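**Q** here are the coordinates; sequence isn't available:
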């Protein structure tokens with residue numbers, strides 16, 4: 001059953017899933033800021049700075065909000081690479097099993113990355129965040145290179 005599922009064309013669904021992994025941290029940040037200080041929707045990109053610069057807000061909470069923003073930005077920076085990789089892999093005709101396994105791994109990795117990033121407090125934990133990031137980075141590159149190689153052989 002699981003192998004049959006992996007052979008169906010599911011990788012396109014990873015595109016909105018990966019986008020959601022980038023969007024969730026900003027929603028968490030917005031909710032936290034709204035509870036603490038009220039969200040300024042007129043200048044939404046200044047909200048993190050408003051929290052960070054407020055001496056009434058505990059530094060550990062301000063730092064967590066900054067990490068939520070960092071996780072969001074990292075996700076948005078990596079999203080185009082992922083979307084391009086999935087589109088290229090499908091265009092080139094890579095097999096669904098490969099596309100799906102890589103897609104599931106990447107979605108899981110991005111979720112884990114966010115969790116570690118938002119909750120990290122120590123240098124060791126930040127190293128774990130970097131390890132998660134660098135362990136998932138090759139996945140879209142693998143799809144892009146595999147797609148290019150397949151197309152080059154045709």
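**A** Looks like it came in fine. Everything quoted here is computed from the prediction, not taken from an experiment.
**Q** gap between residue 136 and residue 45?
**A** Here residue 136 is placed at a distance of 27 Å from residue 45 (C-beta to C-beta, to the nearest Å). (Each C-beta comes from the backbone N, C-alpha and C, glycine too.)
**Q** ok, now residue 72?
**A** 11 Å.
**Q** Give me the more crowded residue out of those two.
**A** Per other C-beta atoms under 10 Å, whichever of residue 72 and residue 45 has more neighbours is residue 72, with 23 against 8.
**Q** dump the residue contacts of the more buried one.
**A** Taking C-beta atoms under 8 Å, 6 or more residues apart in numbering as the criterion, residue 72 is in contact with 22, 23, 25, 26, 29.
**Q** what about it, which helix or strand?
**A** helix 59-92 (DSSP states H and E).
**Q** Can you give me the distance of residue 121 to residue 54?
**A** Separation of residue 121 from residue 54 (C-beta to C-beta): 20 Å.
**Q** Toward the C-terminus from the host helix or strand of residue 23, list the very next helix or strand.
**A** Assigned by DSSP H and E, residue 23 belongs to helix 14-36. Using DSSP H and E, the helix or strand that follows helix 14-36 in sequence is helix 47-52.
**Q** Check the average confidence over that next one, would you?
**A** For helix 47-52, mean pLDDT is 94.
**Q** Which elements pack onto that helix?
**A** helix 14-36, helix 59-92 (3 or more C-beta pairs under 8 Å, 6 or more residues apart in numbering; DSSP states H and E).
**Q** Output these in TSV, with distance to residue 154 and mean pLDDT appended to each entry.
**A** As requested, those are exported to TSV (distance: least, C-beta to C-beta, whole Å; pLDDT from 0 to 100):
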stretch	distance to residue 154	mean pLDDT
helix 14-36	24	97
helix 59-92	9	98
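**Q** With distance to residue 146 as new columns, can those be given to me in JSON lines?
**A** Listed next are the helices and strands packed on helix 47-52 as JSON lines, based on distance: least, C-beta to C-beta, whole Å:
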{"stretch": "helix 14-36", "distance to residue 146": "16"}
{"stretch": "helix 59-92", "distance to residue 146": "7"}
